[in-house]
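Enquirer: Need coordinates for the following:
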Amino acid sequence: MDNEVCLAAIRNHYNYFTKIERQIADYILANSEAVVDMNVAGLAEATGTAGSAVIRFCKSTGYSGFSQFRLSLAMELARRQEPVIPLLSVSDTSREAARKVFDSSVRTLQNTLSMLDFSVVDALIHELTSAGRICIFGVGTSSPIAEDAEYRFLQLGYPASSYRDILFMPVAAGNMGKGDLAIAISHSGRTEVTLEALRLAGQRGAVTAAITSYSTSPLAKAADYSLTAYPDDMNYPVEAVSARLSHICILDAIAVILALRGGETAAGHIRSRNDILEGIRKKGKS
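Expert: Numbering: from 1, shown residues only. Here you go, the predicted structure:
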């Protein structure tokens, strides 16, 4: 577990905590500086729980125990130079609301990069380079991300297709097989049609990957490979604003790595793409 994103990890796991674990999480999020000076017994007393519950909470969040958790929290608080971003308010001016959205998005990207598992990234790169077909699934706010990923991979010569229609998704997944790769994108990791498409593709023998915002979500657990975004704790009036940006950045990073490792083959595809785009731009001027 990275030492700089302890609080983000708590928020990431929050929806999957037990009632007692949420009680502990709420106290830590509201009193993080005080928790650094506590021991297990002190935190248990402050939260009205048992010491064993505190230990279970730490393990549920991804730490080996309370000592590692407290050290991680202390290091995060020591390194964090900027203040916690306040929640949006109906009284915010346009400038204040925009600043909070931008600050939250920057924090989300920093958290996600810090927590990114590059062993999974490298494994997924390997699967992409050897896949017979690449099918990308996403609905709702994940739909344009799936389409963008399709475009990125196609530019590099990879056989990618995106499916954003709830009727097309299971049909496409059902036609996948061994040697293919299915990538499912979902902020919550609980979107049923996306989850079922991933499961169906896996049942047909395809390798499966998930891009989500919750590492313990059903989608993350169902996938062979899972990459997680860590949205900043902010109550937006619209869904998954900062998370959506981090999902795009994860896939953009993968596309860039593919291009860098693709050698002359990738370079040839990029030159071909540039020629096509230049031809389109010239037609637009005429």
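
Enquirer: how much distance is there from the helix or strand M169 falls within to the middle of the chain?
Expert: Using DSSP states H and E, M169 maps to helix 168-174. Mean C-alpha position of helix 168-174 versus that of the full chain (CA atoms, centre = their mean, to the nearest Å) differs by 23 Å.

Enquirer: Tell me the helix or strand right after that helix.
Expert: Next in line after helix 168-174, if elements are assigned by DSSP H and E, sits strand 181-186.

Enquirer: Report how many residues lie close to I20.
Expert: 16 (other CB atoms under 10 Å). (C-beta placed from N, C-alpha, C; glycine too.)

Enquirer: From L73, how far out is it?
Expert: 19 Å (CB to CB, to the nearest Å).

Enquirer: ditto for S188
Expert: S188 is 26 Å from L73, by CB to CB.

Enquirer: Could I get the CA-only coordinates of stretch 18-28 as PDB?
Expert: The C-alpha trace of stretch 18-28 is given here as PDB (Å, rounded to 0.1, in the frame of the first residue of the first chain):
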ATOM      1  CA  THR A  18     -19.100  -3.400   7.300                       C
ATOM      2  CA  LYS A  19     -21.100  -1.100   9.500                       C
ATOM      3  CA  ILE A  20     -18.400  -1.200  12.200                       C
ATOM      4  CA  GLU A  21     -15.700  -0.600   9.700                       C
ATOM      5  CA  ARG A  22     -17.600   2.500   8.400                       C
ATOM      6  CA  GLN A  23     -17.800   3.700  11.900                       C
ATOM      7  CA  ILE A  24     -14.000   3.500  12.200                       C
ATOM      8  CA  ALA A  25     -13.500   5.000   8.700                       C
ATOM      9  CA  ASP A  26     -15.800   8.000   9.500                       C
ATOM     10  CA  TYR A  27     -13.800   8.800  12.600                       C
ATOM     11  CA  ILE A  28     -10.500   8.600  10.900                       C
END
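
Enquirer: which residues touch V54?
Expert: I24, V40, L43, A44, T47, F66 (CB atoms under 8 Å, 6 or more residues apart in numbering).

Enquirer: How about G177?
Expert: Contacts of G177 (CB under 8 Å, 6+ apart): G132, R204, G205, A206.

Enquirer: so the first one makes contact with D180?
Expert: Yes: using CB atoms under 8 Å, G132 is in contact with D180, at 5.3 Å.

Enquirer: neighbours around A206, how many?
Expert: Neighbour tally, A206, other CB under 10 Å: 26.

Enquirer: pLDDT wise, what is it at?
Expert: We have a pLDDT of 98 for A206.

Enquirer: what's the distance between it and I20?
Expert: Taking CB to CB, one finds A206 at 39 Å from I20.

Enquirer: Ok, S91 next?
Expert: Applying CB to CB to S91 and I20 gives a distance of 35 Å.

Enquirer: Next: D224.
Expert: D224 is 32 Å from I20, by CB to CB.

Enquirer: What of A255?
Expert: Taken as CB to CB, the span from A255 to I20 is 42 Å.

Enquirer: helix/strand/coil for S104?
Expert: helix (DSSP: H, G, I helix; E, B strand; the rest coil).

Enquirer: Make residue 1 into 94 and carry on from there
Expert: Fine by me, first position is 94 from now on; the one you just mentioned is S197.

Enquirer: what about it, neighbour count?
Expert: 21.

Enquirer: Would you map the strands across this structure?
Expert: 227-230, 253-256, 274-279, 300-305, 318-321 (DSSP state E).
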